[in-house]
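K.L.:
Predicted model follows, preceded by the sequence.
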Amino acid sequence: MVGGPSHGNGSFGDGLAGAARSIIADARRAIADPELSEAEAVHEVRKALKRWRALMRLLAHALGEPADQMRAEARELMRTLAGARDAQGALDALTDLRKAEPAISPTSLETMRARLTELRDAAEATSFTAEAREKISRYLDFATLSLERWPLKGIDFGTVTDALTATYRRARQLVPENWEEADADHLHDLRRRVVEHRHQMDLVEHLWPRLGKVWAEEAQRLRNQLGACQDLAVLTRFTAPHQPLAPWRSRLAPVVETRHAAHIKNAARLAGRLFAEKPKAFHRRIGALWSARNARKH
């Protein structure tokens with residue numbers, strides 16, 4: 001859970017401000033921590049910015065253009081750090097292929113891993129520069145100042161419930177009717193919405209701690225399955241003609257297909273459970289949980 005909305009006698013808006021400050025602090029630590037490798041720092045910064053963008057979408061109705069603008073700027077910052085993401089995704093896919101049949105020889109896997117690692121390291125050297133770090137730091141400074149100006153204390157839970165439901169609806173609408181025929185772009189869009197939904201639900205997990213934990217874990221598992229599909233698609237692109245892994249295309253294709261099918265099957269099962277409710281029912285349940293929590297407090 002990011003921050004703790006509505007602890008003690010504070011308003012729900014106070015909790016949102018706390019969550020925002022927590023995200024900003026996590027991003028600052030990732031930039032400054034000398035113990036993190038370049039890859040780890042980029043991963044942590046991108047993760048913090050994803051959480052921040054999910055929060056900005058949650059606040060879009062209440063704050064209007066400032067939240068939309070900050071979400072758009074965060075997306076541009078993430079794009080500047082995306083250079084190494086494809087190579088890292090392909091590396092993650094190679095790790096996944098160790099579970100596939102027929103198996104790829106360890107020698108081939110290590111050779112491919114070395115090539116992709118070289119590409120990733122080169123991309124990191126040109127993307128996560130001192131200039132990029134400074135640009136992100138300035139953005140975080142502006143975000144901190146903005147928190148002092150925004151009327152977060154006045155935001156009620158009803159407004160947040162509407163925003164949570166809108167994100168839930170967007171994700172649910174992207175769930176494929178036929179998973180086997182869903183293309184990589186469609187699955188990628190669904191994953192983005194699931195990530196956003198998962199981060200937003202973190203903000204209200206305290207409403208029903210045990211059920212909320214299960215919900216978050218289920219969303220994370222779906223995110224992981226969809227992410228694995230995306231990584232396999234990226235790996236496949238690296239096997240195209242004149243690409244670094246072209247010599248292994250024929251050997252990788254069948255095992256990639258096997259692993260993709262396994263992830264799709266799991267994703268379909270998880271999505272069926274996570275998005276079983278219609279949006280109106282989801283809205284009513286979140287509102288009822290909030291009302292019940294307030295009744296217990298009083």
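P.N.:
Here it is on my side, so go on. Residues are numbered from 1 along each chain as shown.

K.L.:
Give me the contacts around stretch 192-209.
P.N.:
Stretch 192-209 has contacts (Cβ atoms under 8 Å, 6 or more residues apart in numbering) with 1-6, 15-16, 19, 50-51, 53-55, 57-58, 160, 163-164, 167-168, 170-171, 174, 212-213, 215-216, 219-220, 222-223, 226, 274, 286, 289-290, 293. Glycine gets a C-beta too; all of them are placed from N, C-alpha and C.

K.L.:
what are the ranges of the helices in the stretch 101-250 of the chain?
P.N.:
Using DSSP state H, counting those that start in this stretch, the helices found in the stretch 101-250 of the chain span residues 106-127, 130-149, 157-173, 184-202, 209-237, 249-274.

K.L.:
about what we covered before: of the contacts of stretch 192-209, just the buried ones, PyMOL syntax please.
P.N.:
A single PyMOL command is used to select the members of those judged buried by 16 or more other Cβ atoms under 10 Å:
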select buried, resi 1+2+3+4+5+6+15+16+19+50+51+53+54+55+57+58+160+163+164+167+168+170+171+174+212+215+216+219+222+223+226+274+286+289+290+293
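
K.L.:
would you list every one of the strands in the stretch 1-150 of the chain?
P.N.:
Along the stretch 1-150 of the chain, no segments are classed as strands by DSSP state E, counting those that start in this stretch.

K.L.:
Show me where it dips below the pLDDT cut-off.
P.N.:
Applying pLDDT under 70 to the stretch 1-150 of the chain flags residues 1-11.

K.L.:
one more time with 90
P.N.:
1-18, 37-43, 61-62, 79-86, 98-104, 120-130 (pLDDT under 90).

K.L.:
can you pull the contacts of the closest residue to residue 119 other than its chain neighbours?
P.N.:
For residue 119, ignoring the flanking residues on the chain, the nearest one in space by Cβ to Cβ, 6 or more residues apart in numbering is residue 87 at 4.4 Å. In this structure, residue 87 makes contact with 116, 117, 119, 120, 123, judged by Cβ under 8 Å, 6+ apart.

K.L.:
need those in CSV with distance to residue 252 and neighbour count, can you?
P.N.:
Conversion of the contacts of residue 87 to CSV gives the following (distance: Cβ to Cβ, whole Å; neighbours: other Cβ atoms under 10 Å):
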residue, distance to residue 252, neighbour count
116, 12, 24
117, 17, 14
119, 16, 19
120, 18, 22
123, 21, 21
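
K.L.:
That'll do, ta.
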